[in-house]
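# What follows is a predicted structure for the sequence shown.
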Amino acid sequence: MSQALHSVSVAGVIIDDEGRALVIRRRDNGHWEPPGGVLEVDESIPDGLRREVAEETGLDIEVDQLSGVYKNMNRAIVALVFRCHAAAGELRLNPEVSEFRWMSRGEIGEQLDEAYAIRVLDALGNQAVAIRSHDGRSLLPK
């Protein structure tokens, strides 16, 4: 049996009072996605989430709940996605982020790759935690 090696990432879907979600445009690939990144080995999940969101947005967040668990089957990345709201701070561009946008459900479906859009849409819903697999762009059949 070979040893399985996975990377764990965290992302925060920050929702405003109008029900829109904050997404970032990544400088490296131009794609829209929720803010987040790789969890460090020595940090807790909530601490890593707050750190990553602050680094990419300038916002301090309050975590509402886990909204989904997603696995990129091609890259062995497990992503934990949380519904959040902004508690303090101001949006600021940085070396990783070229643009911010508050998007409605319809805009999310049009602007984000399916594998990232579903994360945001799952967080906007109030259903049970979603568990899904994808190939980096598209969802894979269950």
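Here it is on my side, so go on.
# mind listing the helices for this structure?
45-57, 105-111, 114-124 (DSSP state H).
# Please spell out which residues along the last one are buried.
This means helix 114-124. Ala115, Tyr116, Ala117, Ile118, Arg119, Val120, Leu121, Asp122, Ala123, Leu124 (16 or more other CB atoms under 10 Å). For the C-beta atoms, the positions are set from N, CA and C on the backbone; glycine is no exception.
# again, but for the longest one
Residues of helix 45-57 classed as buried by neighbour count (16+ other CB under 10 Å): Gly48, Leu49, Arg50, Arg51, Glu52, Val53, Ala54, Glu56, Thr57.
# which other residues reach the lowest-mean-pLDDT helix or strand in the chain?
When each helix and strand of the chain is scored by mean pLDDT, DSSP states H and E, strand 130-134 comes last, with a mean of 89. With CB atoms under 8 Å, 6 or more residues apart in numbering as the contact definition, strand 130-134 has outside contacts at 67-73, 114-115, 118, 122, 139-140, 142.
# Just those: which are in strands?
Ser67, Gly68, Val69, Tyr70, Lys71, Asn72 (DSSP state E).
# could you dump those residues to CSV with neighbour count?
Below are those laid out as CSV (neighbours: other CB atoms under 10 Å):
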residue, neighbour count
Ser67, 25
Gly68, 24
Val69, 16
Tyr70, 22
Lys71, 16
Asn72, 19
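# which one of those residues is nearest Gly12?
Set against Gly12, the nearest of the ones in strands among the contacts of strand 130-134 by CB to CB is Ser67 (9.8 Å).
# Report the separation between the residue nearest to the closest one when sequence neighbours are not counted and Val78.
Nearest non-adjacent residue to Ser67, counting by CB to CB, 6 or more residues apart in numbering: Ala123, 4.0 Å away. Computed as CB to CB, to the nearest Å, the Ala123 to Val78 distance reads 17 Å.
# Tell me, how many residues neighbour Arg105?
15 (other CB atoms under 10 Å).
# Ok, Met103 next?
Based on other CB under 10 Å, the number of other residues close to Met103 is 19.
# Same question for Ser104.
Using other CB under 10 Å, Ser104 is surrounded by 13 other residues.
# Contacts only, for the closest residue in space to it that isn't next to it in sequence.
Once flanking residues are discounted, Ser104 sits nearest to Arg20: 5.5 Å by CB to CB, 6+ apart. Going by CB under 8 Å, 6+ apart, Arg20 touches Trp102, Met103, Ser104.
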